[in-house]
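Asks: Turn this into a structure:
(2 chains)
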2 protein chains.
Amino acid sequence: MVHPVRNRTQGNTSFSVLWFGQHYHSRKHVVLIWINTQLTVLCYPYVCCVQAQVLYDFTAEPGNNELSVQEGEILTVTNQNVGGGWVEARNSRGNVGLVPEDYIEGVNGNETWTATTWSNNNPFRFSVCYFITACDGDGDCCHVTVGSIYSFDEEWDDDSDDGKSTVGYGGSQMEEGGTMQRGGAHSTMKISLNKFPGFSKTPNPEVYLLTKSVAKGNDKLPIYAGEVGPVWLYPQIQLDCVVADPKKGSKMYGLKSYIEYQITPNTTNRPVNHRYKHFDWLYERLVEKFACALPIPCLPDKQVTGRFEEEFIKMRMERLQGWMSRMCRHPVISNSEVLQLFLNYRDEKEWKLGKRKAEKDEFVGVKIFSTIDPELPELDPGQVEQKYEMYSQFTRSMDNSVKELLAVGHLHWKRCTGPLQKEYRQIGKAFQNLSSVFNTSAYPRESTLTEALSATGKTYEEIAELVAGQPKKDLHFLMETNNEYKGLLGCFPDTIAVHKAAIDKVKEADHLVTMNKISQQDKHIMEKNLSTMSYALQAEMNHFHSNRIYDYNRLMQFYLEEQVKFYETIAEKLKKALGQYTTM
Amino acid sequence: MVHPVRNRTQGNTSFSVLWFGQHYHSRKHVVLIWINTQLTVLCYPYVCCVQAQVLYDFTAEPGNNELSVQEGEILTVTNQNVGGGWVEARNSRGNVGLVPEDYIEGVNGNETWTATTWSNNNPFRFSVCYFITACDGDGDCCHVTVGSIYSFDEEWDDDSDDGKSTVGYGGSQMEEGGTMQRGGAHSTMKISLNKFPGFSKTPNPEVYLLTKSVAKGNDKLPIYAGEVGPVWLYPQIQLDCVVADPKKGSKMYGLKSYIEYQITPNTTNRPVNHRYKHFDWLYERLVEKFACALPIPCLPDKQVTGRFEEEFIKMRMERLQGWMSRMCRHPVISNSEVLQLFLNYRDEKEWKLGKRKAEKDEFVGVKIFSTIDPELPELDPGQVEQKYEMYSQFTRSMDNSVKELLAVGHLHWKRCTGPLQKEYRQIGKAFQNLSSVFNTSAYPRESTLTEALSATGKTYEEIAELVAGQPKKDLHFLMETNNEYKGLLGCFPDTIAVHKAAIDKVKEADHLVTMNKISQQDKHIMEKNLSTMSYALQAEMNHFHSNRIYDYNRLMQFYLEEQVKFYETIAEKLKKALGQYTTM
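Replies: This is a model prediction of the structure:
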């Protein structure tokens, strides 16, 4: 039972974090990674369970195995495979219980990791833990989150057919056995992680700030003055696609199986097939290329709440659809070669060639800014900083607000499907029991009342089911959309940090000129380039606002429509029950 | 701060239980009683806090100071003055917390009591406890329940103006000081308590079973064959009355104050005034006279949930109205001299004369059966027993069912006014916060959404208040009526026990004839009288059923009507909020 997490590609090396958790006997934290054809085990102290900080007070309901926590408290997450939006955690007093996932936030650890080869002769049993920080020998750290549903088989797929080399990779030094190999193995594990999203190091904008030339032709990303301010160039027909028809595929004589989705873009109307790992590859490319300028929301997490395969597949598909639609709606991303490849490739050969080309793309990281061409007057650094402050403040506030809504929604969901359903059932039962007792009276004028009472009881039992089923009907979409926004807003700090670093760099410019480290002309170039970065941020924020207004308008209308239906249905049912009583 | 409890009159002796609780320092249980002009203290072990048994499982919600208890568990109630339907109790492990009143039931203690004179020179401070069993030297026990709201002054009233003697009463032997006086005082306290309701001894029907003659004329209580079986003679116009206009009265130069209610019967339409203690006097008379044949529901308890005087007076009035209406609706009670006196007395003199006459009534206890005259064929003892079994079963089942409904209703009330209100407020707040954040975007196309979101937030805040206010609108009446039925059903076991004792006595008759203890003719009289008792029970049960069907029909219709309005109002409000969004 190995649960793969994420497949990441870095330069010429690819590795998949398959699983992490605790060694069943020693309770040491362990990560399994798949490096090309080699299954590798990373052990404590090079890997550790990251602690989580509590964002909001939470009061446990008794009998539910919950843990009361207070804002600011630090927890160790002991099991994230609980499902339903809960994680199991241990507080500083050693009490263990369930806490809503939305109420906590991972805290960075400061661990380094090493690798050792996994052997089938040395079987492991694991219990799963939650956040993991894994770090390389240089102290660059990376958070990975375990996937809880995926079968080992589904994503088990060595990427040797992608033709990657194993250069710079010390697989040969790895030893057999699930034990930790500190010394030798440590030096062999030099994967540079600092371009991955969520890493602690902000990309350095300096290399771009001093760039003089702007990309030409097709690579140019123009920005115009729109009605709402600077805007990207929007295509005449908005790209969209339908993710549908998940099919189980298999390879290796049926030993390994996977799910393949059919994606049909509105431009060609011709379906292409992709597995989750292809979406993940696309995500990695988009991050590499655009993340300094555009927040690229994470792919839907592998951890989904459904317990059964069908429910899980449906949920993942729904979320992949949401992610793809957001990518298609974006004027810059929709136009990118890599997305076009993903949606339009005609055969395996075209796909593989396209993949290799995309992986070799030079215009990645901060270089993306040199392709941006705002046809607008240059902004002075003061204006740039003001915009930066405003966006930084807005995205942080919205992030908090979205998290608050998720927390409240989560509680409400739990109450509807838990205590409220139970209570309405009890009310229904109490009326029905009273009806049964009345029925034994042997009094001749009983039947109208007992029948009406019994119908009332049944009505409240039906209401119990309506109440419990309602969150899936309305709250689900509200939560999904807000979860999407939570993910998107979580990308803004990194994107905005690049701007902040550029602003700080330009503030130093006068000093650097005095010190003769740069010329006056260099300073002007830096200011012009900073202005370009700001226009990119403004265009992106305007795109974000426009989408946000559309999404929340749609979402709130849908939610309220369903809520109205819900209350009207209940009123209607109760009216019907009322009609059964004798009028006096 | 002394809270009087109940004023009881017994033969030539009257005593008022003013207060009971624990001595502040010694934690000994103490009762203060007022005997004619003498304030008296009863101490442990002659008085003790009765323990309570848990009827239903209850799970504490954290942070509310509640105590989780399990069905069958025995608790010591430590404070009943909590209000809102809660009592404070201690479990066997020493944990103290709040438990819903409806979830527990008092358990008999086996204590005797003695008295000692209270002195102002020896001041006491008390903390209040709950159920008390007080017993006399013969082992007859009496439960009293503390009143929690009444001011000391309101019911403080010695009844010396009622002209009662102090014969048989050892007030002279009482000593000063709050200490317990076991020996001497014990022998002076010989109040016979066994005619009070709730006492452990069942009245002995033997004295009636051998009675040959039936009362004549006006005293006769006929039973007819109605459509539904044996029925009392119903009056042509149903008596009813309106209890209204509570007024504060005072005496002793304003030092003592009380509440006087105005009662207007539909027969004379002429109002009379009565204080609570007069209702209590009426109740005592009705119990003495009728309780062997008719269940006489207790007066509304002095313990009410309202914290403020006005709320309390309103609640008590509402409950006195319910109790009076039930007495007026009863064909036997409505026709009784004592109720007629209560409703129709013209002046103080008539009232006092009537009171003395009622207190001297000889046809009390089991003698009431000798006034009953069923104009129906005699039933054999087998038929009588069958009826008895059926009624016994029915009233027990209904008692359980009513308690279940009360328990569920109580939980629901608490959820609506507690967590649900809080949650809808949080939902409202979350939408409003999101609206506030959106409002800071400086994006030009924002206002429609932010206004609509803010209106949605306000709507959910309004829903929070609707949810919290709803129980008072609908559940209140359902709970009040079921509480009334709980009280009424609580009287049936005693009434039915008299029948059971008579059945057992008649079963012995053959044996007694053989032993020459009674004649064959005596046996026939016993069987005939048993048949009469059975007809009384049947008539009473048919009256009960007819009222029950009327009451529950009305109650359920009212409840459902209000529920429908509630859900429709919410749907309407949400529809209005929905209308504020832009249609897309």
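Asks: Quick one: name the residues of the stretch 251-400 of chain A near chain B.
Replies: A:Met390, A:Gln393, A:Phe394, A:Ser397, A:Met398, A:Asn400 (C-beta under 8 Å from any C-beta of the partner chain). For every residue, glycine as well, the C-beta is placed using N, CA and C.
Asks: residues near the last one, how many?
Replies: Same thing as A:Asn400. A:Asn400 is flanked by 15 other residues according to other C-beta atoms under 10 Å in any protein chain shown.
Asks: after the one helix or strand it maps to comes which helix or strand?
Replies: Taking DSSP states H and E as the criterion, A:Asn400 maps to helix A:381-415. Helices and strands here follow DSSP H and E; after helix A:381-415, the next one along the chain is helix A:421-439.
Asks: what is the mean pLDDT for that next one?
Replies: Taken as a whole, helix A:421-439 has a mean pLDDT of 97.
Asks: who are the neighbours of that helix, in terms of helices and strands?
Replies: The contact analysis (3 or more C-beta pairs under 8 Å, 6 or more residues apart in numbering or on different chains; DSSP states H and E) places helix A:421-439 against helix A:447-473, helix B:381-415, helix B:520-578.
Asks: What are the buried residues along the shortest one?
Replies: Pointing back at helix A:447-473 there. A:449-450, A:452-464, A:466-468, A:470-471 (16 or more other C-beta atoms under 10 Å in any protein chain shown).
Asks: circling back: in the residues of the stretch 251-400 of chain A next to chain B, which residue is surrounded by the most others?
Replies: Counting by other C-beta under 10 Å, top hit in those: A:Met398 with 23 neighbours.
Asks: which residues does the closest residue in space to that one that isn't next to it in sequence contact?
Replies: Using C-beta to C-beta, 6 or more residues apart in numbering or on different chains and skipping residues adjacent in sequence, the residue nearest A:Met398 is B:Val437, 5.0 Å away. Listed by C-beta atoms under 8 Å, 6 or more residues apart in numbering or on different chains, the contact partners of B:Val437 are A:Phe394, A:Ser397, A:Met398, A:Asn400, A:Ser401.
Asks: Check A:His545 too.
Replies: A:Val228, B:Ser441, B:Tyr443, B:Arg445, B:Glu446.
Asks: Can you report how many residues lie near the closest residue to the last one other than its chain neighbours?
Replies: Using C-beta to C-beta, 6+ apart and skipping residues adjacent in sequence, the residue nearest B:Glu446 is B:Phe438, 5.9 Å away. As a burial measure, B:Phe438 scores 23 neighbours (other C-beta under 10 Å).
Asks: For B:Ala502, see how far away B:Phe438 is.
Replies: 79 Å (C-beta to C-beta, to the nearest Å).
Asks: Also A:Gly63?
Replies: A:Gly63 is 49 Å from B:Ala502, by C-beta to C-beta.
Asks: Between the two, point out the one with more neighbours.
Replies: Taking neighbours as other C-beta under 10 Å, A:Gly63 and B:Ala502 compare with B:Ala502 leading, 27 against 9.
Asks: any idea how far the more buried one lies from B:Phe394?
Replies: For B:Ala502, the distance to B:Phe394 - C-beta to C-beta - is 19 Å.
Asks: Then A:Ser397?
Replies: 64 Å.
Asks: With A:Glu462 instead?
Replies: 29 Å.
Asks: need the contact list for the residue nearest to B:Glu446.
Replies: So B:Phe438 contacts A:Met398, A:Arg548, A:Tyr552, B:Glu446, B:Leu449, B:Thr450, B:Leu453 (C-beta under 8 Å, 6+ apart).
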